[in-house]
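Asker: Predicted model follows, preceded by the sequence.
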Amino acid sequence: MTKRKLRKKDQIISPLITQRPSPYHILASHPELDMSIRTVYSYLDHRLSTTRNIGLKRKVYFKP
């Protein structure tokens, strides 16, 4: 994926993560993202997005 495509997807995902919906809900309501749920979690884990794991509702409760 190019940096431009990643930035466009991040502009959609990051504001929604701060509003606290699940990544599944984000991908279901935005089919133009064309990525899997696991990919969203991987981007957040590897800090490729401007938001962090702490922004996810249940991620804080689970150990790695």
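Answerer: That came through, no problem.
Asker: Identify each buried residue in the helix or strand hosting Arg38, please.
Answerer: In this assignment (DSSP states H and E), Arg38 forms part of helix 37-45. For helix 37-45, the buried set under the neighbour-count rule, 16 or more other C-beta atoms under 10 Å, comprises Val40, Tyr43, Leu44. The way it works is simple: take the backbone N, C-alpha and C, and place the C-beta from them, glycine included.
Asker: Surely the second one touches Ser49?
Answerer: Yes: because the distance of 5.0 Å satisfies C-beta atoms under 8 Å, Tyr43 is recorded as touching Ser49.
Asker: Overlap of the contact sets of the two?
Answerer: Common contacts of Tyr43 and Ser49, defined by C-beta atoms under 8 Å, 6 or more residues apart in numbering, comprise Asp10, Ile13.
Asker: What is the lengthiest helix in the chain packed up against?
Answerer: Criterion DSSP state H: the longest helix present in the chain is helix 3-18. For helix 3-18, the packing partners by 3 or more C-beta pairs under 8 Å, 6 or more residues apart in numbering; DSSP states H and E come out as helix 23-29, helix 37-45.
Asker: Let's see that with 6 Å instead.
Answerer: The helices and strands touching helix 3-18, judged by 3 or more C-beta pairs under 6 Å, 6 or more residues apart in numbering; DSSP states H and E, number zero.
Asker: Would you mark the buried spots in it?
Answerer: By 16+ other C-beta under 10 Å, the buried positions in helix 3-18 come out as Lys9, Asp10, Ile13, Leu16, Ile17.
Asker: Adding pLDDT and distance to Leu56, write those residues out as TSV.
Answerer: Formatted as TSV, those follow (pLDDT from 0 to 100; distance: C-beta to C-beta, whole Å):
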residue	pLDDT	distance to Leu56
Lys9	91	16
Asp10	91	15
Ile13	90	11
Leu16	89	11
Ile17	86	7
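Asker: If anything else comes up later, I'll come back, but that's it for now.
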